[in-house]
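In: Give the three-dimensional model of this entry:
(chains A and B)
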Amino acid sequence: MTQAAEAARAPSAVTATAPLLDVRNIEVVYDNVILVLRGLSLEVPNGAIVALLGANGAGKSTTLKAISGLLKTEDGEVTRGEIVFNGERINGIDPDKIVRRGIFQVMEGRRIIADMTSIENLKLGAFTRGDNEVGADIDMVFNYFPRLKERTGLAGYLSGGEQQMLAIGRALMARPKMILMDEPSMGLSPLLVKEVFAIIKEINRDLGVTILLVEQNARAALSVASHGYIMEQGKVVLDGSADELRDNEDVKEFYLGGAGDQRKSFKNLKSFKRRKRWL
Amino acid sequence: MNTQLLIQLLVNGLVVGTLYGVVAMSFVLIYKATQVVNFAQGELLLIGAWVCWWLLTKYQVPFYLGMPITLVFMFVFGIAIQVVILRPMIGEPIISVIMVTIALSTVFSALMKWIFGVNLQPFPRIFTTQNVNILGLQVQTVYLMSLAVSLAMMVGMAWFFRLSKYGLAMRATAFNQQVAQSLGISVKSVFAMAWAISATVSAVAGVVVAVVNGVSAGLSAYGVKVFPAAILGGLDSVGGAVLGGIIIGLLENFAHFLDSEYLHWGNLYEIAPFYALIIILMIKPYGLFGTKDIERV
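Out: Numbering: from 1, shown residues only, chains lettered A, B, ... in the order given. Next comes the predicted model:
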């Protein structure tokens, strides 16, 4: 934790160890007109869980799609800056080729294939692999999510939590270096959120998969992440170690809902001070 | 009542129906993977049949060699259509792409007439025995072959979609292209593969029809018969297409029986499938097996 905190204060120290994913000052435009990301930068060290937080419409999902290349399927384009993964520039590459390089996105809303069974969904996760250990990996996924094994019907009839588990399991099947998770807590009960996040932490620890986590549920995200970035209107406005962010008054007030008992009225509600880190 | 004729016609219906099923299956394959209604399906049959006929008559290639060569050619041809003509259309409205397939249909059929002429060309004889006696019924050997080939194609297709990796990828693409891409599937190659397989399967059907009836431009009419079959089964269901094809085949021949024995209207054979289509669509607008989206309530 303290290491990450130090790293945050001195960005040059991080570059010395070369992060797995380095997003440098990217600008994203949809349909050639709508500017969504306005110079966003972030770094994800190898083996870490990093949280990307922010309000609706801040550009969190767009950031993930820019990294995974899925932006292309929505008429979006990275018009400036670069995305470097594992030492190579990856912006502009087709999404299916990015999966082959080791980045797998678990899209918002699970997006499992409803008219296939769980096992077929898992097999598809391994589409880019050529080896014959797919069966063993399916067993591994069932180990993490035992309840998926009992559900043999179509994946479309799974509960929301089970679908989320299937989506994460499907990502594991690709044996990625890095998983981009877009709101794994969406639509889940608080208990299930806890369960899913515990497993995310476990996966990161056991398999060494690096995870970039986009969340509305800042509390849950910061409980598993080592480092966090907070976005607003297409920019990173604050970043730091998870502990630092949790203790930050602004973050408490805006994202954790814990500004405190001392506030009795909204009259004194301060507007958020934007901090520019870049340029 | 002429039972002998009825049974004969029903056997006919079954054989022709499975063929319709095979063509409908290859039609549904393209629709499912790419959302394109392919109006040039009948021409794919025609091209396959002409290519095979050409190899067999002009170059005296034996059938067991000519057929695989035809299929390889059609596989490559299918990829070529997708890559050269349809790939630049990706991202355009689907209706434009459908218009392009209508253009393809016109161009191909004109091209075939230009190259091979408009006359019916008999196919070289493949079997030595013409008829086989099954349970007192004279069945043409080519019909048996047609039935066997159709069934083999159906089993092959079922295996492909259920168990092979690329079949699963194709289903994933049909479900949602963005999701497929997020799984590392190249949508472009899935599209090309769909056209390649569809063209190959159609060519098999084309050759079978040609062996039975000879080759002529009229063969592409199968492309039109495929619509009631595929829509009846549900446009996005491969199994439904097969069943739809069989139903249409049986209906046609049953209508033919009624017509020739009792009604004497003369053309019931042609229109009966379309009447059935209208009635079934009124009752089941998605076809017999077409899927509405799964909604979890």
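In: for residue 244, helix, strand, or coil?
Out: Picking chain A for this. Secondary structure state of A:Glu244, per DSSP: H, G, I helix; E, B strand; the rest coil, is helix.
In: Give the burial count for it, as a bare number.
Out: 19 (other C-beta atoms under 10 Å in any protein chain shown). Every C-beta, even on glycine, is put in place using the N, C-alpha and C of the backbone.
In: chain center to the helix or strand hosting A:Asp250, what's the gap?
Out: If you go by DSSP states H and E, A:Asp250 is part of helix A:249-251. From the chain centre to the centre of helix A:249-251 is a distance of 22 Å (C-alpha atoms, centre = their mean, to the nearest Å).
In: same question, stretch B:84-93
Out: 23 Å.
In: what about A:Asp131, how many neighbours?
Out: By other C-beta under 10 Å, the residues close to A:Asp131 number 9.
In: Next: the one 4 residues further on.
Out: By the measure other C-beta under 10 Å, the count of residues near A:Gly135 is 11.
In: The stretch 51-200 of chain A against chain B: which residues are in contact?
Out: Residues of the stretch 51-200 of chain A that fall close to chain B, judged by C-beta under 8 Å from any C-beta of the partner chain: A:68-70, A:73-74, A:94-96, A:99-100, A:104-105, A:107, A:111, A:113-116, A:120, A:123-125, A:127-128, A:154, A:156-157, A:159, A:170, A:174.
In: Alpha carbons only: can I get the longest helix out of those in chain A in CSV?
Out: Across chain A, the helix with the greatest residue count (assigned by DSSP state H) is helix A:190-207. Output of helix A:190-207 as CSV, limited to C-alpha atoms (Å, rounded to 0.1, in the frame of the first residue of the first chain):
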residue,chain,number,x,y,z
PRO,A,190,-25.2,-6.1,-1.6
LEU,A,191,-24.5,-9.7,-0.5
LEU,A,192,-23.7,-10.8,-4.1
VAL,A,193,-21.5,-7.7,-4.6
LYS,A,194,-19.4,-8.8,-1.7
GLU,A,195,-19.2,-12.3,-3.0
VAL,A,196,-18.2,-11.2,-6.5
PHE,A,197,-15.6,-8.8,-5.2
ALA,A,198,-14.1,-11.4,-3.0
ILE,A,199,-13.7,-13.7,-6.0
ILE,A,200,-12.2,-10.9,-8.0
LYS,A,201,-9.6,-10.4,-5.3
GLU,A,202,-9.0,-14.2,-5.2
ILE,A,203,-8.5,-14.4,-9.0
ASN,A,204,-6.1,-11.5,-8.9
ARG,A,205,-4.1,-13.2,-6.1
ASP,A,206,-4.2,-16.8,-7.4
LEU,A,207,-3.7,-16.3,-11.1
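In: ok, which stretches of the stretch 151-297 of chain B are helices?
Out: B:165-175, B:177-182, B:187-213, B:222-233, B:238-258, B:268-283 (DSSP state H, counting those that start in this stretch).
In: circling back: buried residues in the helix holding A:Asp250, which are they?
Out: For helix A:249-251, the neighbour count (16 or more other C-beta atoms under 10 Å in any protein chain shown) marks A:250-251 as buried.
In: rewinding a little: dump the helices of the stretch 151-297 of chain B into CSV; add mean neighbour count and distance to B:Gln4 as well.
Out: As requested, those are exported to CSV (neighbours: other C-beta atoms under 10 Å in any protein chain shown; distance: least, C-beta to C-beta, whole Å):
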stretch, mean neighbour count, distance to B:Gln4
helix B:165-175, 21, 43
helix B:177-182, 23, 53
helix B:187-213, 24, 21
helix B:222-233, 25, 26
helix B:238-258, 24, 11
helix B:268-283, 15, 19
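In: Including mean pLDDT and distance to A:Glu183, could those helices go into CSV?
Out: Below are the helices of the stretch 151-297 of chain B laid out as CSV (pLDDT from 0 to 100; distance: least, C-beta to C-beta, whole Å):
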stretch, mean pLDDT, distance to A:Glu183
helix B:165-175, 90, 21
helix B:177-182, 92, 15
helix B:187-213, 91, 25
helix B:222-233, 84, 38
helix B:238-258, 87, 35
helix B:268-283, 82, 41
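In: Looking at those helices, which is nearest to A:Gln233?
Out: The closest of these to A:Gln233 is helix B:177-182. By C-beta to C-beta, the value is 25.3 Å.
In: looking at it, B:Gly233 is touching B:Phe227, isn't it?
Out: No. With contacts counted by C-beta atoms under 8 Å, B:Gly233 stays clear of B:Phe227, the gap being 11.0 Å.
In: does B:Gly167 really touch B:Gly156, like I thought?
Out: No. Under the criterion of C-beta under 8 Å, B:Gly167 is not in contact with B:Gly156, lying 10.4 Å apart.
In: Could I get the full set of helices for the stretch 101-250 of chain A?
Out: Using DSSP H, counting those that start in this stretch, helices in the stretch 101-250 of chain A cover A:118-125, A:134-144, A:146-150, A:160-173, A:190-207, A:218-224, A:242-247, A:249-251.
In: Those: which one's closest to B:Pro93?
Out: Once the helices of the stretch 101-250 of chain A are compared by C-beta to C-beta, helix A:118-125 is nearest, at 28.5 Å.
In: and B:Leu137, what are its bridge partners?
Out: B:Ile134 (DSSP bridges).
In: tally of neighbours for it?
Out: Using other C-beta under 10 Å: B:Leu137 sits among 12 other residues.
In: and what of the one 5 residues further on?
Out: Taking other C-beta under 10 Å as the neighbour definition, B:Val142 ends up with a count of 20.
In: got the contact list for the residue of the stretch 101-250 of chain B at minimum distance from chain A?
Out: In the stretch 101-250 of chain B, the residue that lies nearest chain A is B:Gly184 (3.2 Å; C-beta to the nearest C-beta). B:Gly184 is in contact with A:96, A:99-100, A:104, A:127-128, A:174, counting by C-beta atoms under 8 Å, 6 or more residues apart in numbering or on different chains.
In: Next, find the distance separating the most centrally placed residue in chain A from A:Gln105.
Out: Centroid-nearest residue in chain A, with C-alpha atoms, centre = their mean: A:Leu213, separated by 2.4 Å. Noted for A:Leu213: a distance of 12 Å to A:Gln105, by C-beta to C-beta, to the nearest Å.
In: and if you look at B:Ala169?
Out: 17 Å.
In: Give the residues shared as contacts by A:Leu213 and A:Gln105.
Out: A:Met181.
In: mean pLDDT lowest for which of the helices of the stretch 101-250 of chain A?
Out: Comparing mean pLDDT across the helices of the stretch 101-250 of chain A, the weakest is helix A:249-251, with a mean of 79.
In: For chain B, what lies in contact range of chain A?
Out: Counting by C-beta under 8 Å from any C-beta, chain B sits next to chain A at B:165, B:168-169, B:171-172, B:175-179, B:181-187, B:291, B:293-294, B:296.
In: Swap in 10 Å and give it another go.
Out: B:91, B:162-163, B:165-169, B:171-172, B:174-190, B:236, B:291, B:293-296 (C-beta under 10 Å from any C-beta of the partner chain).
In: just to revisit the earlier point, enumerate every residue touching the residue nearest to the centre of chain A.
Out: Contacts for A:Leu213 (C-beta atoms under 10 Å, 6 or more residues apart in numbering or on different chains) come out as A:44, A:49-53, A:60, A:64, A:106, A:179-185, A:197, A:200, A:204, A:220-222, A:224-225, A:228.
In: Show me which of the contacts of B:Gly184 are buried.
Out: Buried members of these, counted by 16+ other C-beta under 10 Å: A:96, A:99-100, A:104, A:127-128, A:174.
In: Name the nearest residue to A:Ile113, ignoring sequence neighbours.
Out: Distances taken as C-beta to C-beta, 6 or more residues apart in numbering or on different chains put B:Phe175 closest to A:Ile113, at 4.9 Å, once the chain neighbours are dropped.
In: right, and that neighbour touches A:Arg111 too?
Out: Yes. B:Phe175 lies in contact with A:Arg111 (C-beta atoms under 10 Å); the separation is 9.5 Å.
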